[in-house]
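> Provide a 3D model corresponding to the input given below.
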Amino acid sequence: MIHLTEAATRRIQDQLMRRGKGIGLRLGVKRAGCSGYTYVVDYADQIEPEDVVLETQGVKIVVKRDHLTYVDGLHVDFQREGLNAAFRFYNPKAKATCGCGESFAF
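Next up, the predicted model:
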């Protein structure tokens, strides 16, 4: 299960509406950063055979089956700080995060 805050839900819905297309949010991980993994976020325009589709608060989240272990239980927020705006991730399964918060160890 992936949890979205109200702010994250609104952001995803707004962006999909602005794009005029899309199924939902595509979420995954890749090896990067000083702690080992980083999150990858994009908008999903189609569902591939290896994808799993989760739905929370009326938003579809598309995840590759082999990424589910890394994102199960993930809390996703959307925050604005001055001119910066970004999704923020809180993963209760992460063993460590780097100082800048951009990567995590699993």
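> which outside residues touch the helix or strand in which D42 is found?
Assigning secondary structure by DSSP states H and E places D42 in strand 36-44. For strand 36-44, the external contacting residues (C-beta atoms under 8 Å, 6 or more residues apart in numbering) are 15-16, 19, 22-32, 51, 60, 62, 70-71, 87, 89, 102-106. Placement of C-beta: from N, CA and C, glycine included.
> Skip ahead from that strand and say which helix or strand is next.
Assignment by DSSP H and E places the next element after strand 36-44 at strand 51-56.
> just to revisit the earlier point, quick one, which of the contacts of strand 36-44 are buried?
16, 22-29, 51, 60, 62, 70-71, 87, 89, 103-104 (16 or more other C-beta atoms under 10 Å).
> ok so, going back, could you tell me which of the contacts of strand 36-44 belong to strands?
The members of the contacts of strand 36-44 that map onto strands under DSSP state E are 24-32, 51, 60, 62, 87, 89, 104-105.
> for the helix or strand hosting A7, which positions count as buried?
Here A7 is covered by helix 6-19, with elements defined by DSSP H and E. Using 16+ other C-beta under 10 Å as the burial criterion, the residues of helix 6-19 that qualify are 7-9, 11-12, 16.
> try stretch 65-79
67, 70-71, 74, 76-78.
> by contact count, what packs against the helix holding A7?
Other helices and strands packing on helix 6-19, by 3 or more C-beta pairs under 8 Å, 6 or more residues apart in numbering; DSSP states H and E, are strand 24-32, strand 36-44, strand 59-64, strand 75-81.
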